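**Q** build the 3D model from these lines:
(2 chains)
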Amino acid sequence: MKNRLVYLFLCIFFIFTFIIFYRGLNNSNLYTPNTNIKLIPEFNSYTLNKKQYLNSKNIFNKNKFYLLNIWSSWCVPCRDEHSMLVSLSKSEKIEIIGLNYKDNLKNAEKFINELGNPYSIILLDRDGTISIEWGAFGVPETFLIYENKIIKRYVGPLNFKLVDEIKDYIK
Amino acid sequence: MKFLNFFFAVLIILNFNLLKADEIQLQNKITKNLRCLICQGQSVYDSDSEFAISLKLVVKNKIDEGLTEDQIYKFLTKKYGEWILYDPQFSKNTYLLWLMPLLIFLFGGAIILKKLINIKK
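**A** Numbers count the residues shown, from 1 in each chain, chains lettered A, B, ... in the order given. Okay, here's the model as predicted:
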């Protein structure tokens, strides 16, 4: 009787562990943080092209959609998504702001000259602290903003599906 | 004599480092408890990734601004979620994690107690 009970218990235990591990196989091992940032953070930064010193309050103040794109010339996926940003920037309903992450300024300018400039303003984040204010931890990362609120956040490069999603939002 | 003066000057300058030692200690303590989100499995203190370098700088700035350890943790969990802390806070998601060792301890104690009583009989 006791042996049977042990046997049953072992079976249940193994089935239980199997289910847990089997389900774990489907989980992504890439962690995306669940942030509680709803309003855009406040920061000051220099611009790449005009050498202005801007406060975030004066950037996201119009009644339209904004896309904040964190990019860098050394980041390969940024190169891939850049053409999509250029095509998105042709829409008048959205303004794309670039945040240049830990980059060499000459390389950044070269990158823009080579692939086109979708950004209305390019801000500089020389030491990466502004990106941390945004809750970002890598490049590229994109935030869709409306009325000072972050509506959607995309970790990693944009693709055609995500661009369509953004277009749906700004309709 | 000149050499002696120089020696004392160097000694005094080196002693100023001690003034900052506490801050660095606190910074190290905090960054050791932060998970590097890029190189997962390493702490921010151990890592040299771009993200970790920036985060160390942010922690340093926050200490300079006069924030306490808890305030910095709160600031970072707001930005990155609970997962960035190696030492998670007690909440409805983590109560099992915190109480499990206690439960297992009590359970084991109960088994031992039962065995002991049986032996005495």
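**Q** and the residue of chain A nearest chain B?
**A** Here chain A gets closest to chain B at one residue, A:Gly128, 2.9 Å apart by CB to the nearest CB. All C-beta atoms are positioned from the backbone trio N, CA, C, and that covers glycine.
**Q** ok, for that residue, nearest residue in space, not its chain neighbours?
**A** In space, and not counting its chain neighbours, A:Gly128 is closest to B:Ser54: 2.9 Å by CB to CB, 6 or more residues apart in numbering or on different chains.
**Q** surely the one you found meets A:Ile130?
**A** No: counting by CB atoms under 8 Å, B:Ser54 does not reach A:Ile130; the two are 9.2 Å apart.
**Q** downstream of the longest helix anywhere in chain B, the next helix or strand is which one?
**A** Longest helix of chain B, by residue count under DSSP state H: helix B:2-32. Sequence-wise, the next helix or strand downstream of helix B:2-32 (DSSP states H and E) is helix B:50-65.
**Q** name the helices or strands packed onto that next one?
**A** helix A:129-133, helix B:2-32, helix B:69-80 (3 or more CB pairs under 8 Å, 6 or more residues apart in numbering or on different chains; DSSP states H and E).
**Q** next one: the last one to chain centre, how far?
**A** Between the centre of helix B:69-80 and the centre of its host chain there is 12 Å, according to CA atoms, centre = their mean, to the nearest Å.
**Q** pick out the residue nearest the middle of chain A.
**A** The residue lying closest to the centre of chain A (CA atoms, centre = their mean) is A:Glu141, at 2.3 Å.
**Q** which ones are touching that one?
**A** Going by CB atoms under 8 Å, 6 or more residues apart in numbering or on different chains, A:Glu141 touches A:69-70, A:131, A:134, A:153-156.
**Q** now do B:Lys114 against B:Cys36, distance only.
**A** Separation of B:Lys114 from B:Cys36 (CB to CB, to the nearest Å): 46 Å.
**Q** who has more neighbours, the two?
**A** Per other CB atoms under 10 Å in any protein chain shown, whichever of B:Lys114 and B:Cys36 has more neighbours is B:Cys36, with 21 against 10.
**Q** my guess is that one contacts B:Ser47, does it?
**A** Yes: contact between B:Cys36 and B:Ser47 holds when scored by CB under 8 Å: they sit 4.1 Å apart.
**Q** and the lowest-mean-pLDDT helix or strand in chain B with helix B:50-65, angle?
**A** Lowest on mean pLDDT, DSSP states H and E among the helices and strands of chain B sits helix B:2-32, with a mean of 82. Here the directions of helix B:2-32 and helix B:50-65 differ by 110 degrees (axes from the mean of the first three to the mean of the last three CA atoms, to 10 degrees).
**Q** which SS class is the spatially closest residue to A:Tyr119 that is not a sequence neighbour?
**A** Of all residues not flanking A:Tyr119 in the chain, A:Gly98 sits nearest, at 3.7 Å (CB to CB, 6+ apart). Assigned by DSSP: H, G, I helix; E, B strand; the rest coil, the conformation of A:Gly98 is strand.
**Q** low-confidence stretches in the chain?
**A** The chain I'm using is chain A. Applying pLDDT under 70 to chain A flags residues A:28-34, A:50.
**Q** ah, no, chain B please
**A** For chain B, the ranges with pLDDT under 70 are B:17-21.
**Q** tell me the residues of it that contact chain A?
**A** Residues of chain B lying close to chain A (CB under 8 Å from any CB of the partner chain) are B:37-38, B:40, B:50-51, B:53-55, B:57-58, B:61, B:78-81, B:83-84.
**Q** let's go with 10 Å and repeat that
**A** By CB under 10 Å from any CB of the partner chain, the part of chain B that sits against chain A consists of B:35-38, B:40, B:49-59, B:61, B:75-84.
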